[in-house]
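Asks: sequence and predicted structure below; questions after.
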Amino acid sequence: MTVRQYDRLVQEVISNVQSYLEYLKEMGISALPISEGNPARVSSPTLEEIRSELGNCQRCKLHRTRHTLVFGEGNKKAKFMIIGEGPGYEEDVQGKPFVGKAGQLLTNILQSIHLQREAVYITNIIKCRPPQNRNPEPDEIRSCYPFLFKQIHAIQPRIICALGTFAAQTLLKTDIKITSLRGKFYEFEGIKVVPTYHPAYLLRNPERKREVWEDMKQIAKYLVS
Ligand code: SF4
């Protein structure tokens, strides 16, 4: 092994350890559970456990105006996870993600790459509808994010599609616009992330559908690789 290869390997190990420590922190663990002959092991909570931990969540002000907390639904072992912004009117009424017009469009987009909705797992950055469908506020995203983080670890998808500005910017910890982010591959906790436009945006700007289709085709290609 050359010195350069060795350096790269060390950097990779350090980066993996940093990610693991961040993961432990997000899980609320502040000390490593190490004992001789019994290596440290942290198992992810299941989706049921995460839902149960959320309970009748009142961790942010959105609980005051929501009707239903929309946790997420789909294949618990999905290779492909879709993360949107937050519930809208229909989702708030039905308690399911992406069931309104934007939801129908999402179903059509998935079918265009030969994927059934039931094969993927769909959730949002925030689990409660903001009043009048306004944008989620930073304190709301902060309060809800740990549960999304746990959902991702419980499902362990191969690839995530982040729909719209808030999903993309939250996962990628950036404030770069979705127009620049979309269609490229990024990493989140070792999982590929491809941002694209939100279906609600496509309803207002149908001329952008082709770009989303191109992004989805890239995802489909990765899924069979
Ligand atoms: S948006 Fe998230 S943090 Fe806020 S009340 Fe709903 S579930 Fe709780």
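Replies: Yes, it's here.

Asks: now do stretch 165-173, average pLDDT.
Replies: Throughout stretch 165-173, pLDDT has a mean value of 97.

Asks: try stretch 115-134
Replies: 96.

Asks: show me which positions of that stretch end up buried.
Replies: 115, 117, 120-130 (16 or more other C-beta atoms under 10 Å). From N, CA and C alone the C-beta is placed, and that goes for glycine too.

Asks: could you tell me which of these belong to strands?
Replies: With strands taken from DSSP state E, the overlap with the buried residues of stretch 115-134 comprises Tyr121, Ile122, Thr123, Asn124.

Asks: reformat these as CSV; add distance to the ligand.
Replies: CSV is the format used below for these (distance: C-beta to the nearest ligand atom, whole Å):
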residue, distance to the ligand
Tyr121, 17
Ile122, 16
Thr123, 11
Asn124, 9
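
Asks: thinking again about what came up before, of the buried residues of stretch 115-134, which is the nearest to Met216?
Replies: Distance to Met216, by C-beta to C-beta, is smallest for Leu115 among the buried residues of stretch 115-134, at 8.6 Å.

Asks: quick one, what contacts the most centrally placed residue in the chain?
Replies: The chain has Ile83 as the residue nearest its centroid, 4.2 Å off, counting by C-alpha atoms, centre = their mean. Contacts for Ile83 (C-beta atoms under 8 Å, 6 or more residues apart in numbering) come out as Ile122, Thr123, Asn124, Ile125, Leu148, Ile160, Cys161, Ala162, Leu163, Ala167, Leu171.

Asks: try it again with 7 Å
Replies: When contacts are counted by C-beta atoms under 7 Å, 6 or more residues apart in numbering, Ile83 touches Thr123, Asn124, Ile125, Leu148, Ile160, Ala162, Leu163, Ala167, Leu171.

Asks: cool, Gln116 as well?
Replies: With C-beta under 7 Å, 6+ apart, Gln116 has these contacts: Leu110.
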